[in-house]
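1. Next come a sequence and a model predicted from it.
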Amino acid sequence: GDEEADAANNILYVETGTGRAFKRKKKDAGEKAMPTDRVSDADKNLKSFLDLIASLTASSFIFCQGLLGGISLLLFYLQVNQDERSFMRVYSPIAADGQKAFVFLSTVSMVAAFDKWTKDQMAGWHLRGGYLQALDAMIIITYSLCFVFTLLCVPLEDVMHSSHLRVREWYRWELSAQFNERYSTWSVMHAIRCVFGILGWVFSAWETRNYLNNAPNKPMHDIYEKLYGKTVQK
């Protein structure tokens, strides 16, 4: 038994070059076996690290989407419950910060929406087909439109904030017809971006549990096994 084991340990399997077959070859005197255990441990550590990064990224995406939804809801409430002058007084001091927050959060939320689409597609749409595909498409559309309308709001927000820095009570002045027209247009675009920010969070929250569970690779392997009846090699 020991002789057979020694003979087996002295055999190497080498690829023939065609990519389809292997041939046996005896080890040379100084040739050693590959450190398979060490490579396996390194692979496991790398996989665990990548799964951790994926989980943190997915959680950060959902956090930004929730933050955008909360800011959108707050500003939409303030806008619809105040007249124009009152809202100018409230929003102009924070117009620059609000602009930065909307640009950053809508950008991250839009990237997160595409990331979710990719993950769900890899998971075979969780066996729900067109329903989940349509939902992910709605998330992408809502956050993309929120981002577009945020960019359209930028010019007047700069004017409002700079006016506040020059004169704190600028909104009490008699404003020009041109500014009033621009402000009316801005109000509509601001309301629209807030609505899309809220809707995007509603659609995202509908699938938050699945999105978080599928951030690492392990659940992807489980779903693959259910779909195709075989296990992914770890």
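-> Received the coordinates, thanks. Numbering: from 1, shown residues only.

2. drop to CA atoms for contacts and neighbour counts, all remaining ones
-> OK.

3. How about the contacts made by the residue nearest the centre of the chain?
-> In the chain, the centroid-proximal residue (C-alpha atoms, centre = their mean) is residue 112; its distance is 1.8 Å. By C-alpha atoms under 8 Å, 6 or more residues apart in numbering, the residues touching residue 112 are 58, 61, 62.

4. try residue 192
-> Under the criterion of C-alpha under 8 Å, 6+ apart, the neighbours of residue 192 are 146, 149.

5. please redo it, this time with the cut-off set to 7 Å
-> By C-alpha atoms under 7 Å, 6 or more residues apart in numbering, the contact list for residue 192 is empty.

6. Next one, pLDDT for it please.
-> Note for residue 192: predicted pLDDT of 97.

7. OK, contacts around the nearest residue to residue 198 once chain neighbours are set aside?
-> Computed as C-alpha to C-alpha, 6 or more residues apart in numbering, the closest residue to residue 198 that is not its neighbour in sequence is residue 69, at 4.6 Å. For residue 69, the contacting residues are 197, 198, 201, by C-alpha under 7 Å, 6+ apart.

8. which one among those gets closest to residue 131?
-> Nearest to residue 131 out of the contacts of residue 69 is residue 201 (C-alpha to C-alpha; 17.6 Å).

9. Pull up the gap between the closest one and residue 45, please.
-> Residue 201 is 34 Å from residue 45, where distance means C-alpha to C-alpha, to the nearest Å.

10. For these two, indicate the residue with more neighbours.
-> For residue 201 and residue 45, the more surrounded residue by other C-alpha atoms under 10 Å is residue 201, and the numbers stand at 24 against 12.

11. Test my guess that the more buried one contacts residue 66.
-> Yes: counting by C-alpha atoms under 7 Å, residue 201 touches residue 66, with 6.0 Å between them.

12. Can you give me the neighbour number for residue 91?
-> There are 20 residues near residue 91, going by other C-alpha under 10 Å.

13. wait, I meant residue 186
-> For residue 186, the count of nearby residues is 20 (other C-alpha under 10 Å).

14. related to what we said a few turns ago, which helix or which strand is home to the residue nearest to residue 198?
-> helix 36-80 (DSSP states H and E).

15. returning to what we had before: tell me which element the residue nearest to the centre of the chain falls in.
-> Counting by DSSP H and E, residue 112 is part of helix 95-122.

16. Identify the residues contacting residue 174.
-> No contacts exist for residue 174 under C-alpha under 7 Å, 6+ apart.

17. could you check the distance from it over to residue 80?
-> Residue 174 is 22 Å from residue 80, by C-alpha to C-alpha.
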